[in-house]
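Asker: no sequence on this one, just coordinates:
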């Protein structure tokens, strides 16, 4: 089960890195709805960091 959680966390971090790359590219145009979506993605990133710390620290 821990191996599955580690794989899901790593794949989620890679997906998040893709979103960050998209936001940094020149083809991305930010609207009000995008700001709300990025707020949700930021909260998701904080959750991923917390989960990663919990898994790799053995808790």
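Answerer: Structure received. What you see is a predicted model; the values in this text were computed from it and never measured.

Asker: please count neighbours and contacts with C-alpha atoms only from this point.
Answerer: Fine.

Asker: scan this protein for its longest helix.
Answerer: Longest helix of the chain, by residue count under DSSP state H: helix 32-56.

Asker: next, the contact list for residue 12, please.
Answerer: Contacts for residue 12 (C-alpha atoms under 8 Å, 6 or more residues apart in numbering) come out as residue 48.

Asker: and the closest residue to residue 51 other than its chain neighbours, what is it in contact with?
Answerer: Leaving out its chain neighbours, the residue that sits closest to residue 51 by C-alpha to C-alpha, 6 or more residues apart in numbering is residue 9, at 7.6 Å. Residue 9 sits next to 48, 51, 52 when contact means C-alpha under 8 Å, 6+ apart.

Asker: quick check: buried residues in the helix or strand bottoming out on mean pLDDT in the chain?
Answerer: Of the helices and strands making up the chain, the lowest-confidence element is helix 2-24, at a mean of 76, by mean pLDDT, DSSP states H and E. Of the residues in helix 2-24, 9, 13, 16 count as buried by neighbour count, 16 or more other C-alpha atoms under 10 Å.

Asker: and for stretch 41-57?
Answerer: 45, 48, 51, 52.

Asker: got CSV for those residues, with pLDDT and distance to residue 38 too?
Answerer: Listed next are the buried residues of stretch 41-57 as CSV, based on pLDDT from 0 to 100; distance: C-alpha to C-alpha, whole Å:
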residue, pLDDT, distance to residue 38
45, 78, 10
48, 79, 15
51, 79, 20
52, 76, 21
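
Asker: now, among the residues you listed, which is nearest to residue 39?
Answerer: residue 45 (9.8 Å; C-alpha to C-alpha).

Asker: got the contact list for the closest one?
Answerer: 13, 16 are the contacts of residue 45 under C-alpha under 8 Å, 6+ apart.
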